[in-house]
Each structure stands twice: as C-alpha cells, then as structure tokens.
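Visitor: return a 3D structure for these sequence lines:
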Amino acid sequence: NVIIINLETVYIYEVRLIECIYKIKETHKMERKMPKDFYWGGSVSSFQTEGHRNEGGKGVCIYDVRPMNPEFSDWNDAIDEYTRYDEDIALMKGMGFKLYGFSICWNRILTNGTLDEPVNEEGVKFYSDLIDKLLAAGIEPMITLVHFDMPYHLVKNYNGFASRYVVDCFERYAKVCIERFGDRVKHWMSFNEQNLHSMMLRVSNAEEIPEGVSLPKHLYQVNHNVMMAHCKAVRALREMQPDAKFCGMGAITNIYAYDNSPENNLFATQAYNLLNGYLVDTFAQGKYPDYWNAYLENRGWMPTFEEGDEELLKYTVDYIAFSYYRSNTVKTGIFDYERPACDCVNEQQIQNPHCEANEWHWEIDPVGFRWTLNDLHHRTGLPVFVLENGIGWREDMTQEEVDKMLAEGRTIEDDYRINYHRDHIREMENAMFEDGVDCLGYITWGPIDILASMCNMDKRYGFVYVNRTNKDLRDMKRIPKKSYNYIKKVFESNGADLD
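Guide: Got it, this is the predicted structure:
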C-alpha cells in the first residue's frame, strides 16, 4: 500500500492544532478571573482605632484599666477614628475596598454589659452612622462583636467568660446589635481569633483561677464557655436575620516539622489540630472532634456541660474566616499532663531557616498561606474568608523627617509590604484556581496604621501612615504610602494586576 502525504494538508492541520492549543491557554486564563463578588478590603478593632474612651456614654472597658508596657502607648487616643471616619472611609474607597470589618465596643452599646441595663443610644448612633457612611461609599460592613475586649464591670465582678452569667450577657449584647444593625449588616462574627481562648486566659478576661482548680482545667472550661457564647450569637442571627451570614474565625498558623522524622511530623500534626483544627472542626461539624475530646478527657480537663450545651454546639457557621500572618516550625515534643497544649508547642518552636522574617521574627510564608487555605476549605467543606493578612514593619520618622518628605513630594517606600501582599494574593489565587478552594475574600489587617495588639505604634501594617508615635500624638495626619497605590491597583483590577 502506498500512503500519499499531502504536505499542504499537514501544514493546515499543524496550524489548526496550534490555534487550538492557544485557545485552550486563553480559556485557562479566563478561568482564573476572580469572582465578580469577591471581597477586597480591610479590618480593625474598636480599641485599636477609636480613642475617645470617655465619650458617647461609653462605659469602662478592660483595656481602659489594664496595665500597659511603659515603653508603648495607651488606648486613650488610638488613631482618633471616632472623629475621623469620614476621612478614613474616603481613603478606603480610594483603595477600592468592597468590605470593611470592624469590631463594636461592647461598652458603647451597654455601659456595663449587664442583662437588665438600658441600651446606650449614643453608642448605637455612632455605629449606625458608621454603617450608613460605609454603605454610601459602596463598602459593605462586617461586624465583630468581641475583639478581646469586655466591660470592666463583668471582668471585675464575674471573672469574664469564666462565668455563664457573662455568656448570657454576651447573648443579650449580640441580640441588641443584630436588632439595631442587622437590617444593613449581612456578615457577622462573634469572637476574633476564637482559638486564642484555648491558649490564654487574658483574651477571655478570666484570669482569676478558682482555688483547687488547675490552670488547664480552668482554661478549657473558659474556652467552652466562649464557644457557648458564640453558638448563642449564631442562634440569635438565625432567628432574627436568617438571610445574614455568620462565620467562625480563628488565628490559623500552619505548623511544619523541623526535621523529617515520623515523630516530629506527628507532633506537628497534633500541634496544628490542638491549636487550630479543633476550632474549625467544631464550627463545621456542630460538635467537638474526637481527638479534642480524647486529649481533654485523658488529662481530666474536659469542661462541664450545662443542660442544652450539646444542642447549642449544633449551630454551625456559614463559612470559615481566619487571620494569617506567618507559619510556625517545631521540633519534636510531647503533650504532657500538666500544661495546656499551646505551652507544649511554644517551647518547641524554632525559626524556619527556609523563610525570611520581620523584626518580630514572624516568618514570611505565602506558600504556607496556600496550605492553610487548602486545609480549612477541604477539611470543612465550607467557603473560607481571609479576614486578616499583612506584615508589621517599623517605619520610624521624626516630625522633621515627615515634613521634609511631604515638602519634597515623597512618600514611604514600603516595597516590603507590596511584596508581602503580592506574594500572598498570588498564592491565594493559586489555591482557588489550581486547588479548588472556595474563597470569599481577601481582607487586610490595619489598612490605615493602628496601634498593634500590645499597644505598640512601632509595628505598622497600613497602606496609610498615621503621623503619631507611642509617646507623641502629633497631628495624626494620614499619609498614603507607596503600597496605597499598589493595593488600589490590585483591588480595582479584582486581583488581575499583581505586578
């Protein structure tokens, strides 16, 4: 048999094949487009931003009386957000924000936080006006009910969330907020970084350990009480605003094994589950996971359940929200029978030689961010929402240096921040388009400089510089940094332009 090859036909087929390959590539590129309703924005807490602690009928908060590091600042003035919301909302809109997350100060709504006191209408008006201004700017509000703060009355008289009375007080506070703001706010969170309540009593404002009770036993009981408060808030939203969404939120840090031994890998896995995984599993499954129950029962630390607690746990969330700043690496350790899990993990923590870090030794790990997105989505089957991400950096300037910079038309060249967000957003998009992660949004922490969590103005996260220091309030002028225009480009292009 003779096969006749028509070279012209072969050429035509080759051209068509190449065209098909390019079309496939173009289709693939189109598929990487972010969803039109993807949220870009920023988030903050009340005490780190508002100031004006004695105004508007606000009661005394734990942050008003807690002793501070004398080298840092105090919470009296913060960044004066209480009177500067108009200016700051304009800056947010200029960056292309679609969502702004903020916490409500419990004391501004209920002066002492109790069950029977009247609502402080001045406080309600302050937050109601803020919500209206955000919506008018095209920015959707998201409310956090508690960001580690609490009315001092409940701390002093009831030991915070060690008391189930305070759990009931929180439920009342949540219902007031949902009643007053739920017609306009469609995204809600009970507690910021809720897993921290299983690591330190300070965030639960329950630092008095009852006589005859061990620290771990008390800690894990308080952690359970906080979970009950969360579930009661979810129940309230389901009943009062069934179309709104409620998330569960944790501070998630993925944990690597330092070496390749089976023992080290096991310890790292257990550490991740006991510090992070148990929380999101409970949020999604409506019950504590078996490994969590076994850990507590084997040590005699299982919390006491009141009647109805198991039913409350069944109020699951709509999506998993989380903060991510860094990854951790640990050597091999053991979980003993005397200390909480976090203490056993912390003593084995070691700097990762494969990651750069900032001044505070927080590793910069965008690939770990992708790992975390994968874990949270695939272990729960729920959408995930990045509610805090960013890098703290020292940007000290004297007033003379600020004046000179402005006179010369310059700004702060924070390429380190641009690089951090670019790399993390890129890995988030890889998780979405290559790994199938359902992610609702990317929200940055402290987009306008705020006092860091220990009241330290030296550690700045923002795209906008606030002209104050720990000891000198100056004029608090807002000065966009180089990263302001970068993040504006990213947000307004819906994540398409990262270069």
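Visitor: what does the helix or strand hosting residue 173 rub up against?
Guide: Per DSSP states H and E: residue 173 is located in helix 164-181. Taking contacts as C-beta atoms under 8 Å, 6 or more residues apart in numbering, the residues outside helix 164-181 that touch it are 104, 106, 109-110, 113-115, 119, 124, 127-128, 131, 143, 145-146, 150, 154, 158, 160-161, 188, 190, 225, 228-229, 232-233, 236-237, 240-241, 306. Every residue, glycine included, has its C-beta placed from N, CA and C.
Visitor: pull out the buried residues from it.
Guide: 166-167, 169-178, 180-181 (16 or more other C-beta atoms under 10 Å).
Visitor: cool, stretch 408-424 as well?
Guide: In stretch 408-424, counting by 16+ other C-beta under 10 Å, buried: 411, 412, 414, 417, 418, 420, 421, 422, 423, 424.
Visitor: make JSON lines out of the residues you listed and add distance to residue 195, secondary structure and pLDDT.
Guide: Putting the buried residues of stretch 408-424 into JSON lines (distance: C-beta to C-beta, whole Å; DSSP: H, G, I helix; E, B strand; the rest coil; pLDDT from 0 to 100) gives the following:
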{"residue": "411", "distance to residue 195": "37", "secondary structure": "coil", "pLDDT": "98"}
{"residue": "412", "distance to residue 195": "33", "secondary structure": "coil", "pLDDT": "98"}
{"residue": "414", "distance to residue 195": "30", "secondary structure": "coil", "pLDDT": "98"}
{"residue": "417", "distance to residue 195": "26", "secondary structure": "helix", "pLDDT": "98"}
{"residue": "418", "distance to residue 195": "30", "secondary structure": "helix", "pLDDT": "98"}
{"residue": "420", "distance to residue 195": "23", "secondary structure": "helix", "pLDDT": "98"}
{"residue": "421", "distance to residue 195": "24", "secondary structure": "helix", "pLDDT": "98"}
{"residue": "422", "distance to residue 195": "28", "secondary structure": "helix", "pLDDT": "98"}
{"residue": "423", "distance to residue 195": "25", "secondary structure": "helix", "pLDDT": "98"}
{"residue": "424", "distance to residue 195": "21", "secondary structure": "helix", "pLDDT": "98"}
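Visitor: and these, which is closest to residue 70?
Guide: Here the nearest of the buried residues of stretch 408-424 to residue 70, counting by C-beta to C-beta, is residue 412; it sits at 27.5 Å.
Visitor: wait, isn't residue 231 in contact with residue 313?
Guide: Yes - with contact defined as C-beta atoms under 8 Å, residue 231 and residue 313 form a contacting pair (6.1 Å).
Visitor: the more surrounded of the two?
Guide: Comparing residue 231 with residue 313 by other C-beta atoms under 10 Å, the one with more neighbours is residue 231, at 25 against 20.
Visitor: residues contacting that one?
Guide: 312, 313, 315.
Visitor: the same query, at a cut-off of 10 Å, please.
Guide: 167, 171, 190, 248, 282-283, 286, 309, 311-317 (C-beta atoms under 10 Å, 6 or more residues apart in numbering).
Visitor: and if you look at residue 302?
Guide: Contacts of residue 302 (C-beta under 10 Å, 6+ apart): 217, 220, 221, 224, 288, 292, 293, 294, 295, 296.
Visitor: what's the answer for residue 73, then?
Guide: Contacts of residue 73 (C-beta under 10 Å, 6+ apart): 451-452, 454-458, 468-473.
Visitor: of these, which belong to strands?
Guide: If you go by DSSP state E, those have nothing in strands.
Visitor: write the ChimeraX selection for whichever of those are buried.
Guide: Entered in ChimeraX, the line below selects the buried ones among the contacts of residue 73, by 16+ other C-beta under 10 Å:
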select :451,452,455,456,457,458,468,470,473
